[in-house]
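K.L.:
A predicted structure for the sequence below; I have some questions about it.
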Amino acid sequence: MQNEELIDPSKLVPIIPGQKLRESNYQRTKRPYTLQRLTERAYWVESQIYQSTFLIGKKGVMVIDPLSYGRGMNVLKAIGEVTSLPVTTIIYSHYHYDHIGDAVVFAKTAHDLGIQLRIIASSACLEEIHKYKDKVPLPTEVIRTPRGAFDFEGERIDMGTPEQGHSSDNSWVLIEGEGVLHNVDMIHPGQLEFDNFGVGHYIDGYEEALKELLTLPWKIMTAGHGNIGAKKDVHFVLDYLADLRAHTQAVMPKVPFEPFIKDEMMFAWFHGHRDAVAGQVMERMREKWGKYPGFDLVALTHARTMYWEYYLH
């Protein structure tokens, strides 16, 4: 994350893998969207800290994640800057409404143009959509988990759904011909990770899902939030996890549980011991990681998450 080449966004010039946008997340929120060309046919678009990938074909455009809460219209406007072709295909990376709620906007736009919109999702995602009462347009094509593929205008698109990462249905989408991967909420390039790593439990599964990404043939990543990603950003998170794990292993045996048993409030016992361990782990992490923005905001949540990983498993 240090000494990276920083560039201004361009809808004309493809990014070189490893480059990052110069503007901060905050600076980019001051306009409706930011558009960056990734490769000859693939583009990254961000609207209010949420990101989509789109691929321009010969007859239409494929969009991965239509976003939500009005951001979808900004994605359509961004697409209109570089092509007059309509969106014919959208992909759901996973069912979290904040990433796909504006699928209704894309469906209406396609309907008004007389287009039968393809909507593609994993079988795990479809289960989640049903669980939450079908609030988005249902997929027209379902890819069976854990891994499958489909065709977009002659381009093979691969989709994989690890058992556990950000959520049980969170899929990576690989456009191998362009060297572009779309996998949101797993890493946040240019910054430390979200509270609790964006998962409630099973950090080992999250770590394995990150390692899987390194086995795939891509060079540029849309991560959903943060900057544009590269494989070094995945290594960064794995390095952070390794340090967090090592410090937790070192600290936990040295912090006795008994002093935190003080009254009848059982949960206070656990919270006290957890925070005593997590606080020490955070301070051990500070020397190496404290220079990164947000460390004091999120590092304690990371240490608490790793605490429970060891306490329970």
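P.N.:
Perfect, I can see it now.
K.L.:
I79 in helix, strand or coil?
P.N.:
helix (DSSP: H, G, I helix; E, B strand; the rest coil).
K.L.:
quick one, what contacts it?
P.N.:
Taking C-beta atoms under 8 Å, 6 or more residues apart in numbering, we find I79 in contact with 43, 45, 54, 61, 63, 87. Using the backbone N, CA and C atoms, a C-beta is placed for each residue, glycine as well.
K.L.:
Contact partners for the second one?
P.N.:
For V45, the contacting residues are 33-36, 51-54, 74-75, 78-79, by C-beta under 8 Å, 6+ apart.
K.L.:
ok, 6 Å please
P.N.:
Contact analysis of V45 by C-beta atoms under 6 Å, 6 or more residues apart in numbering lists 33, 35, 52, 75, 78.
K.L.:
In PyMOL, select just the buried ones from the residues you listed.
P.N.:
Buried subset of those, written as a PyMOL selection, criterion 16 or more other C-beta atoms under 10 Å:
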select buried, resi 33+35+52+75+78
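K.L.:
mind checking the longest helix of the chain?
P.N.:
When the chain is parsed with DSSP state H, its longest helix is helix 266-289.
K.L.:
In terms of pLDDT, where does H166 sit?
P.N.:
Per-residue confidence (pLDDT) for H166: 88.
K.L.:
three-state assignment of it?
P.N.:
With three-state DSSP as the basis, H166 sits in coil.
K.L.:
what does the one 3 residues further on give?
P.N.:
Reducing the assignment at D169 to three states with three-state DSSP gives coil.
K.L.:
Skipping its backbone neighbours, what lies nearest it in space?
P.N.:
Sequence neighbours aside, A124 is the residue nearest to D169 in space, at 3.7 Å (criterion: C-beta to C-beta, 6 or more residues apart in numbering).
K.L.:
thought that neighbour was touching N170?
P.N.:
No. Judged on C-beta atoms under 6 Å, A124 makes no contact with N170 at a distance of 8.6 Å.
K.L.:
Show me which of those two is the more surrounded one.
P.N.:
The neighbour count for A124 versus N170, taken as other C-beta atoms under 10 Å, is higher for N170 (27 against 23).
K.L.:
where does the stretch 51-200 of the chain dip in pLDDT?
P.N.:
Residues of the stretch 51-200 of the chain that meet the criterion pLDDT under 70 lie in 200.
K.L.:
And for the stretch 201-313 of the chain?
P.N.:
201.
K.L.:
tell me the strands in it, going along the chain?
P.N.:
Counting by DSSP state E, counting those that start in this stretch, residue ranges of the strands within the stretch 201-313 of the chain are 220-222.
K.L.:
One more: the stretch 1-150 of the chain?
P.N.:
Under DSSP E, counting those that start in this stretch, the stretch 1-150 of the chain gives strands at 6-7, 20-21, 34-37, 42-47, 50-56, 61-64, 87-91, 118-122, 141-143, 147-152.
K.L.:
how about a markdown table for the ones you listed, with distance to E283 added?
P.N.:
Shown next, in a markdown table, are the strands of the stretch 1-150 of the chain (distance: least, C-beta to C-beta, whole Å):
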| stretch | distance to E283 |
| --- | --- |
| strand 6-7 | 31 |
| strand 20-21 | 29 |
| strand 34-37 | 37 |
| strand 42-47 | 34 |
| strand 50-56 | 33 |
| strand 61-64 | 40 |
| strand 87-91 | 43 |
| strand 118-122 | 41 |
| strand 141-143 | 45 |
| strand 147-152 | 41 |
